[in-house]
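Colleague: 3D, please:
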Amino acid sequence: MRDLATPLGPVRLLALATADVAALHPDEATFAAGLPVRRQREWVAGRLALRSLVRDHHGIELPPILVDGRGGPSLPADVAASISHKGEVAAALVGRRDGQLAVGVDLENDAPTRGATAL
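Modeller: Presented below is the predicted three-dimensional model:
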């Protein structure tokens, strides 16, 4: 587990290999059990990263983080958060919801940029 500082707050990174279903809330573990193995590892790591980030940096113990109507994490109304995963890493970013403000985190592979294309 590792945190990166950003202007919006810390981003927590968690290796998928360290994600343990037993560390989830029981309702989350039940949901995760129905996922394919690869998706389960990503889902578990994302939830664990988010839950630990909120606890460690905001002092809040979240209720079960299941899935909202858009497929994202279901959270209390005053919490804005984002989860991403790529390769063997999951990341979470969290903030306080302020009106319509949302936060987002995205992981991408570090690769050479493509050449510019003239239009």
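
Colleague: Now do the same for the closest residue in space to V94 that isn't next to it in sequence: helix, strand or coil?
Modeller: Closest residue in space to V94, ignoring its immediate chain neighbours: A81 at 4.3 Å, by C-beta to C-beta, 6 or more residues apart in numbering. For every residue, glycine as well, the C-beta is placed using N, CA and C. Recorded secondary structure, A81: strand (DSSP: H, G, I helix; E, B strand; the rest coil).

Colleague: need the strands for the chain, in chain order.
Modeller: Along the chain, counting by DSSP state E, strands occupy 2-4, 11-15, 79-86, 89-96.

Colleague: Need the per-residue pLDDT for the residue nearest the centre of the chain.
Modeller: Residue closest to the average C-alpha location in the chain (C-alpha atoms, centre = their mean): I83, at 2.5 Å. pLDDT recorded at I83 is 94.

Colleague: That one contacts A49, doesn't it?
Modeller: Yes: shown here, I83 and A49 form a contact pair, counting by C-beta atoms under 8 Å, at 7.0 Å.

Colleague: Between those two, which contacts overlap?
Modeller: A90, A91, A92 (C-beta atoms under 8 Å, 6 or more residues apart in numbering).

Colleague: Give the buried residues for stretch 1-14.
Modeller: D3, G9, P10, V11, R12, L13, L14 (16 or more other C-beta atoms under 10 Å).

Colleague: Much appreciated, bye for now.
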